[in-house]
Each structure stands twice: as structure tokens, then as C-alpha cells.
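1. Need coordinates for the below:
(2 chains)
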Amino acid sequence: MNLLQIAAEEEQNPLIPPMPELVIGLIAFLIVFGLLAKKLLPRINEVLEERKAAIEGGMEKAEAAQIEAEQTLDQYKAQLAEARHEANRLREEAREQGSALIAEMRAEGQRQREEIIAAGHAQVEADKKAASLALRQDVGTLATELAGRLVGESLEDHARQSRVVDRFLDELEAKAADQSGTKAEAGA
Amino acid sequence: MSAADTTLAFDASCKIFVEGGCGFQSPGLHSFVFKPMFTVGGFEFNKPILLALVTTLVLCVFFWKAFASPKVVPGKLQMVAESGYDFVRRGIAYETLGKKEGEKWVPLLVSLFFFIWLMNLWSVIPLAQFPVTSIIAFPAALAILVYVTWLSLTFKRHGFVGGLKNLTGYDKSLGAVLPLVMLIEFFSNVLVRPFTHAVRLFANMFAGHLLLVMFTIATWFFLNSWGFAYAPVAFVMVMVMIAFELFIQAVQAYVFVVLTASYISGALEEAH
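-> A predicted model of the protein is given here:
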């Protein structure tokens, strides 16, 4: 039996569907539909949602990170500016302090020098006074002793003694003063 | 009719140069009739049925491998399947039905699209070389399924009277011509629609297959006769037709699914 004979035998209307093919076509489709609708598409949908969430999450995260980075940068810039300002201020302050310190030290040095000089003067004055006092006493004593020895009499009486010596010394001083005054006049 | 007279040119036994060889046999309705491979109690298992079952098998295996354990970072196969899925989901379902209503119909539309496309594709796949959808039963089965789904959805949404109004395009403002419009609408929607839905696909595949067979037989015929110089022309036409068919197969699958979506959207639409 060949194809032409089959064709001749069968009712030839291509628009009349044969029943077995109709049923099998329907079943074949329903199997595919069932598998996709019940099992596979829900799974892939889940994953697609997950992917979408992951991508959106990632983007959000990146955005947040960028904002944070910008904030940090601003913060650092502000801190840097502040630090620079502070450093300037400190330098200025140090300079001021330094010059004040120097001035103070200079003043202190000056004061100390004057003090030392004054102390020196006072010391010299005191020494001079003490020396002249000691000298006067010593000279008195020595002169008295010498005079006593020379005249052979003991001038025991203290009051008299000192009066005599003082008078003697005053005379000496007056003489010296006269001499130096005439000297100074002669000099002038 | 002797056996030698009726051997077809595309039969392997066709020898043009032997005594009493075959002549040119143009393709026709007989090109769509197949010898049953085996028969079970009057049921004839033939090539289109085999191809339909292989279609189911291929689709199930393909989508199982792609989607059974999907990854957030997809492999190659999953990527390909996803792009096809996304095409139908966004390009057809969301586009026609909107995202909210469309989501529910995505599985139907996706499986329809890939089922029909592969059934069409067999036309140019070596060894198969027959579009299963050129047997009216297969498009008809799918069209009936869509028809039943659509009608039941219409009545479920709008109730019986509302459903009838929806189907007949009831609109009071039409006035006197309303009965006429309702008659035409009812005829076009309820009676003709499933027929056109199925036949559009069927006829495209039927005609495409005829053209392919035509040029293929012509190539073989010319090659075995003194007109062999024409064989390359016919062969080039075979190539051109294969390319054209690849395009038509995808387009027809797309059209079938888009129409399905638009029927459903008609059923969902509010009464006016």
C-alpha cells in the first residue's frame, strides 16, 4: 500500500480534525502546561524575584555607601580646616606668648641686674661704713694705746678717752676735707 | 494503477532513469497523510502523533533542565529559557493584560507559545520535516482549549446576562442597529472565532509545508532528468523557503498567543 492509495481511500478534508490527533494534541499540551504552571514557572519566578531584590538591594547598598563616603569626606574636610585653623591660632598664640615671655624675661633681667647692682652698692656702703667704724675704733684704740705708752699714763677713763679720740679724729677728717676741698678747687 | 506508476518522486525508490521510472508528482493533500507506524485497536499511531509526543518530551526536558533548580546567577541554559519566558511574559502577557491580571495567565501563554513554536519548527528539522500544526487537529485542540477558557472566564466575570452582553458587544447607544450588531458580533465572536484561531495557524503551516515539498521534489526531479540545469534554482528556492518558514513559524506561534491574550483581555474587560 503506498501513500497515494492511502490518500485516495481516506476522506480528504484537511479541515476536519481526526479525533485521536485532537485528543493526543490536547494531552501533549496539557502535560507541558501542567509541568510549567505547577512546578517550573513558580520556581523560576521565585529566583527572578530574588535576583531583582538582590540587584535592587545591591544598588541601595552602593548608594548608601556613597552617601556615607561623601559624609565622611565632608567631615574630614571640616576637621582638616578646623585643625589648620587651630594650628594657626596656636602658632599665633605661641608667638605672642614667646614675645611676652621674652619681654618679661628682659624686664626680669633688668630688674635683677638693678637689684644686684643696688645690693652691691649697699654692700659696698655697709662695708665702707663697717670698715670706717672698725677703723675708727681700731685707730682710737691703737692711738690711745700708743699715746698711753708714749705719755706713760693710763687713760683708763673710757668716756674721756673716746671723747678725746673722737675730737682728734674729727680734726683729722676736717683737715682731710679741707685738703680735698682745696684740691678739688685747685683741680677745677 | 501499477506500483511503478504511483511511486512518488520523494520516495527513495524513485528512479527516473530506469525503465518505467517515476514522473513528477506535485505535492497535495496526500503529502499530509502518513502510513500508520502501528495500529492499536483501530487507533493509528502515525508520524504527526509521534512528533507531538516528542514535542512534549523535548519541552519538558528542556524546561526541567533550565528551571528545575534555578540559580540567581543563571547558567547558559537557564539564561536562554529565561529570555524566552521573559519575552512571552513581558512582551505578550503584561503588554496585553497588564501586570496584575496578566501574571495569572503567564503559564498558559508561555506553554502555548513554546508548544506551538516547536510543533511548527519540526517543519525544517531534518528527519522530522513536517509541521505538526499542519494537521488541523493540533491547532484545533489548542483553539478549543482557549475557546473554553475564554468563554468560561467571560461568564464567570460578568454572570450569564453580562457575559452575553460582553460576547455580543451590547451597547445601548447604537439604537436601531443594535440587534444587527449583536447578531454580527455573536457570530464573529462565538461561532467563527475558534475556527479562525485554529485555521490561521493551520493554513500557514500547511501552505509552508506544501511550498517546501514542492521545491524539494522539483530539485530532485530536475536533478534526475535532462533539465538538471534548473536543479540549483529549485534548490536555492528550498533554502529561501526554509529561511522564510523559520520566520513564519515564530510569527504564527506569536500571533496565536497574542490572540489568546487579547481574547482573555476581552473577557476581563468591564461591561460598558
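
2. My understanding was that B:Val213 contacts B:Leu29; is that so?
-> No. At 11.7 Å, B:Val213 does not count as touching B:Leu29 under the criterion of C-beta atoms under 8 Å. Glycine gets a C-beta too; all of them are placed from N, C-alpha and C.

3. Counting neighbours, go ahead and name the busier of those two.
-> Comparing B:Val213 with B:Leu29 by other C-beta atoms under 10 Å in any protein chain shown, the one with more neighbours is B:Val213, at 21 against 13.

4. Which helix or strand contains the more buried one?
-> Element membership of B:Val213, judged by DSSP states H and E, is helix B:193-223.

5. repeat for A:Lys129
-> Counting by DSSP H and E, A:Lys129 is found in helix A:41-151.

6. Okay, buried residues for the helix or strand just after that helix please.
-> Next along the chain after helix A:41-151, taking DSSP H and E as the criterion, comes helix A:158-187. For helix A:158-187, the neighbour count (16 or more other C-beta atoms under 10 Å in any protein chain shown) marks A:Gln161, A:Val164, A:Val165 as buried.

7. what ranges do the helices span in chain B?
-> Ranges of helices within chain B are B:3-6, B:47-67, B:76-88, B:95-121, B:137-168, B:178-186, B:193-223, B:231-268, based on DSSP state H.

8. Quick one: those as JSON lines, columns for mean pLDDT and distance to chain A too.
-> As requested, those are exported to JSON lines (pLDDT from 0 to 100; distance: least, C-beta to the nearest C-beta, whole Å):
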{"stretch": "helix B:3-6", "mean pLDDT": "38", "distance to chain A": "5"}
{"stretch": "helix B:47-67", "mean pLDDT": "94", "distance to chain A": "4"}
{"stretch": "helix B:76-88", "mean pLDDT": "93", "distance to chain A": "7"}
{"stretch": "helix B:95-121", "mean pLDDT": "94", "distance to chain A": "4"}
{"stretch": "helix B:137-168", "mean pLDDT": "92", "distance to chain A": "3"}
{"stretch": "helix B:178-186", "mean pLDDT": "90", "distance to chain A": "22"}
{"stretch": "helix B:193-223", "mean pLDDT": "91", "distance to chain A": "7"}
{"stretch": "helix B:231-268", "mean pLDDT": "94", "distance to chain A": "12"}
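
9. Save those as CSV, and put in distance to A:Val139 too.
-> Converted to CSV, these look like this (distance: least, C-beta to C-beta, whole Å):
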stretch, distance to A:Val139
helix B:3-6, 182
helix B:47-67, 137
helix B:76-88, 132
helix B:95-121, 134
helix B:137-168, 150
helix B:178-186, 161
helix B:193-223, 158
helix B:231-268, 146
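
10. Could you report the neighbour count for B:Ser188?
-> There are 14 residues near B:Ser188, going by other C-beta under 10 Å.

11. And B:Asn166, by the same measure?
-> 23.

12. before we move on, what about B:Pro139?
-> So B:Pro139, with other C-beta under 10 Å, has 28 neighbours.

13. Return the distance of it relative to B:Leu112.
-> 11 Å (C-beta to C-beta, to the nearest Å).

14. now B:Phe195
-> Distance of B:Phe195 to B:Leu112, computed by C-beta to C-beta: 18 Å.
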